[in-house]
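> Here is the input, now give the coordinates:
(chains A and B)
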Protein chains: 2
Amino acid sequence: MAKTSKNSGLSGFPEWLPAERLVEQHVIDVFREVAELHGFSGIETRAVEPLDQLLRKGEVDKEVYVLRRLHAEEGSADAGADPARTLGLHFDLTVPLARYVLERQNDLVFPLRRFQIQKVWRGERPQDGRFREFYQADLDVIGQDTLPGHIEAEVAVVMAEILDRLPLPPFTIHANTRRLSEGFFRSLGLEDHTAVLRSLDKLPKIGADKVRDLLLAETGATPEQAQACLDFAGIRTRDASFADTVRELGGSGEMVEEGIAELTAVLERVEAVVPGVILADLSIARGLDYYTGTVFETFISGHESLGSVCSGGRYDSLAADNRHTYPGVGLSIGLSRLVSRMLSADLARATRAVPTCVLVSVADEEARHLSDDAARGLRARGISCEVAPTAAKFGKQIRYADRRGIPFVWFPGEAGEHGEVKDIRSGEQSVADPTSWEPPVEDRTVQVVAASPTQG
Amino acid sequence: MAKTSKNSGLSGFPEWLPAERLVEQHVIDVFREVAELHGFSGIETRAVEPLDQLLRKGEVDKEVYVLRRLHAEEGSADAGADPARTLGLHFDLTVPLARYVLERQNDLVFPLRRFQIQKVWRGERPQDGRFREFYQADLDVIGQDTLPGHIEAEVAVVMAEILDRLPLPPFTIHANTRRLSEGFFRSLGLEDHTAVLRSLDKLPKIGADKVRDLLLAETGATPEQAQACLDFAGIRTRDASFADTVRELGGSGEMVEEGIAELTAVLERVEAVVPGVILADLSIARGLDYYTGTVFETFISGHESLGSVCSGGRYDSLAADNRHTYPGVGLSIGLSRLVSRMLSADLARATRAVPTCVLVSVADEEARHLSDDAARGLRARGISCEVAPTAAKFGKQIRYADRRGIPFVWFPGEAGEHGEVKDIRSGEQSVADPTSWEPPVEDRTVQVVAASPTQG
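Residues are numbered from 1 along each chain as shown, chains lettered A, B, ... in the order given. Reported below is the predicted structural model:
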């Protein structure tokens, strides 16, 4: 995988070579496998939504790709005149989920456990490794009117299991909860907790001294209160010991204790399944405006510059109508961004470039049926193989297998007789029966494994 | 699956309920599994292509969805002024493949064996069950400059194997070949073979008498020649006996014999793998303009009105540049259309609506960790389970499992003790250890199976 895919085409629209696509497919497969193991149902929604739905939140309006039919008549719905009837490509999987849940509420059983892996589009400038077309992989539990708090820990467990199965360097899931932050700031006497959060959110960018200035200027905090907030945001523990520090800093009251219980439950449940990945990080502020419970961000060791590769949390209203409100807990992996880094930094590679395990050689075109028979015997047991395209000299057929990355070449015997199989890596060759021969288990199917990362 | 998905949203943009999506996912999985077993590599291309590329073939220009960034400046590339820089959504996977092959020719090994399963978009009126957004599943072998003829049979074998593994009524792959038709018409003395093909192509619509008139009027055929053409187009055989009839009708010469050999090879190779599905059908004319070798159309018994669900064949130039020409053999399944019929006609159904095999009940919230432990034991062996969202009365938890379609409910024991598992269909309940209990093999994972078709 030294040769990384050149973005020879449109900037911001990634395309992979077959061996690279195997890595992306593996990430998708793992996400789906773990999600299904936890009883999540896969859904897909259409790629388009009415423009007025896409623009409801306002903040991303510049990013939307609007569609029109090439030959639509001027002024018709397809020509983009009416925002309720004009279609745009979805820019995330949350807006579509909200619509889907409302439309299908009578056909769905709640809490709905759904995962969704689809491409989304954003018209923003393709700089800083941002894509205009990319896969997002979402997983949410959606309740009807109510959703128990323990679901927050459950979703974190699924997230941890997915990431743990991927060939990635060590990762850390940073968790915080709205109740703990808000409760702490309130128990200090700072009522404008969102202003405090907004200030603390700038810590990674402007540093503690400037955040202190902000806290003093914009939240009415005393120097002592500001320091307590900074100390609070500095708390990072792998276990429940964050609670004592919060209390020592002056955190008290029902909301703080609820937040502590919530976050402790998340730490303990994730730790029980995937040890050493969850971290209470009380500096996580981003999204606490939108999220109403636990919030998560995930960073990969040595690749912090990527930003959070998997984020999410609890929100109190995905959607609502006259009858019901739909609260949820969700996480989302920026899958293309993650895969792109896995490829460009050589974090993972496919053990071979093609699914094929065996190239069945052809002695001459008259005898191609013998090769077909051997291939059929192998495939019947799930061993991927292809038959050589031409009856070239065996040396040439072996080189063809080598160029494609196929590890074994089969030489069929006469009808009813065994053939021979050669491991073209070792050169070892032996008599073998296509109806019973087994490749080494690591060669049976192409696998995606951790690679040695490149320097720099 | 009696309740079919209502198209509650935008006409032409299908969306499935979770249990329906399981059927679609199954079709995708089978396609991928068989393709990989035959050494095909999966690729994906971006959803967009420059408009001038999409319009090169001219015929589908009305169907293209054009993109513009909502806030693109007037006259900028994103505003859609310049066809070379304006983007449209792809309407098939062939135009993108041609571009991909040219762009990546130095990184690919030929013959390239690729499959591609992606959504495509067409802005046409969503009538007659046509969709505006739908999955296409393509499989092609692309050569560089040359591609051996036997690949045509090989692709037909893969097609047959894919369809054979799907829960469908009997299907028939109709095959014909350009050389045989052209050679036959020429050996009759009819040089304008495309005019003959065009006339014969109308057989299903206007019938033999009117086609005879066309042949007389537009191809210069004598009544005897016209009759020979109609007789030729009436040939349908499961085996190589079509050849004798062709010869009896006056077919002779090198091209006819080549065509016979080609079609016979396809029949024999498909018959050897999936008996009883391949049919020589010399009336298949559609696409013989574009295709240069064997051509395939596939019909499902009792669902002929769907049209061909899987079509393809040999073409001599997918793409070309100054150095190379890329011939190919390909097939394409209109996957959404097929799945839509499978669902609406009750041809297939998922054995349950969710991936979940076991609902682990919760006696009280204090004991939720015991349920988590049991679930972990089951999941460690690949058994999908979820833990009850609330510690409601057991009866309510069982009803919850029933509504979701989960077959088993687990009652965890105290720490270190076995629990009990209830099959809620039979009511049978027994002591079981979550680290070793096995569900019946048919319940272990959700499966997609043939359903009894509904009447009418």
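> Can you show me the helices along the stretch 301-450 of chain A?
Per DSSP state H, counting those that start in this stretch, the stretch 301-450 of chain A carries helices over the ranges A:335-344, A:368-379, A:394-404, A:441-444.
> Not counting residues beside it along the chain, what's closest to A:Ala98?
Computed as C-beta to C-beta, 6 or more residues apart in numbering or on different chains, the closest residue to A:Ala98 that is not its neighbour in sequence is A:Ala319, at 3.9 Å. All C-beta spots, glycine's among them, are computed from the backbone N, C-alpha and C.
> Give the burial count for the one you found, as a bare number.
Per other C-beta atoms under 10 Å in any protein chain shown, the neighbour tally for A:Ala319 reads 20.
> Bridged to it, which residues?
Beta-bridge partners for A:Ala319, by DSSP bridges, are A:Tyr326.
> do you know how far it is from A:Leu97?
A:Ala319 sits 8 Å away from A:Leu97, going by C-beta to C-beta, to the nearest Å.
> Same check on A:Asp346?
35 Å.
> and what of A:Val273?
26 Å.
> So which bits of stretch A:307-325 are buried?
Within stretch A:307-325, the residues that count as buried by 16 or more other C-beta atoms under 10 Å in any protein chain shown are A:Ser308, A:Val309, A:Cys310, A:Ser311, A:Gly312, A:Gly313, A:Arg314, A:Tyr315, A:Leu318, A:Ala319.
> what does stretch A:204-224 give?
A:Val211, A:Arg212, A:Leu214, A:Leu215, A:Thr219, A:Ala221.
> could you give me the average pLDDT of it?
Mean per-residue pLDDT for stretch A:204-224: 93.
> just stretch A:290-300 next, same as before
Rounded mean pLDDT across stretch A:290-300 is 93.
> buried residues in that stretch?
For stretch A:290-300, by 16+ other C-beta under 10 Å, it's A:Tyr291, A:Thr292, A:Gly293, A:Thr294, A:Val295, A:Phe296, A:Glu297, A:Thr298, A:Phe299, A:Ile300.
> got a list of what the third one touches?
So the one you mean is A:Gly293. A:Gly149, A:Glu152, A:Thr177, A:Arg178, A:Arg179, A:Glu262, A:Gly313, A:Arg314, A:Val329 (C-beta atoms under 8 Å, 6 or more residues apart in numbering or on different chains).
> Next: the last one.
By C-beta under 8 Å, 6+ apart, the contact set of A:Ile300 is A:Leu168, A:Pro169, A:Pro170, A:Phe171, A:Leu306, A:Val309, A:Arg341.
> Mind doing that once more with 10 Å?
A:163, A:166, A:168-172, A:306-310, A:338, A:341-342, A:345, A:347 (C-beta atoms under 10 Å, 6 or more residues apart in numbering or on different chains).
> Backbone dihedrals for it, please?
phi -100, psi 130 (degrees, to the nearest 10).
> Could you verify that A:Val158 is part of a strand?
No - read with DSSP: H, G, I helix; E, B strand; the rest coil, A:Val158 is helix and lies in no strand.
> and it, how many residues sit next to it?
With other C-beta under 10 Å as criterion, A:Val158 counts 23.
> you'd agree it is up against A:Glu33?
No - shown here, A:Val158 and A:Glu33 do not form a contact pair, counting by C-beta atoms under 10 Å, at 11.3 Å.
> quick revisit: and the buried residues of stretch A:290-300, which is closest to A:Val448?
Nearest to A:Val448 among the buried residues of stretch A:290-300 is A:Ile300, at 16.3 Å by C-beta to C-beta.
> Low-confidence stretches in chain A?
A:1-8, A:57-62, A:73-82, A:126-129, A:287-288, A:452-456 (pLDDT under 70).
> run the last query once more with 80
A:1-9, A:56-62, A:71-84, A:125-129, A:286-290, A:416, A:452-456 (pLDDT under 80).
> Okay, and the beta partners of the residue nearest the centre of it?
Taking C-alpha atoms, centre = their mean, the centroid of chain A lies closest to A:Ile333, which sits 2.8 Å from it. For A:Ile333, the beta-bridge partners under DSSP bridges are A:Ala137, A:Cys310.
> residues in contact with the closest residue to A:Thr294 other than its chain neighbours?
Distances taken as C-beta to C-beta, 6+ apart place A:Glu152 nearest to A:Thr294, at 4.1 Å, with adjacent residues excluded. Contact analysis of A:Glu152 by C-beta under 10 Å, 6+ apart lists A:141, A:175, A:177, A:262-263, A:265-266, A:269, A:291, A:293-296, A:312-314, A:329.
> SS state for A:Glu152?
helix.
> Name the nearest residue to A:Arg122, sequence neighbours excluded.
A:Glu63 (4.2 Å).
> my read: that neighbour touches A:Arg132, true?
Yes - if you go by C-beta under 10 Å, A:Glu63 and A:Arg132 touch, sitting 8.9 Å apart.
> Residues that sit against both of the two, list them.
In contact with both A:Glu63 and A:Arg132: A:Leu89, A:Val120, A:Trp121, A:Arg122, A:Gly123, A:Glu124, A:Arg125, B:Arg69, using C-beta under 10 Å, 6+ apart.
> No more questions from me, cheers.
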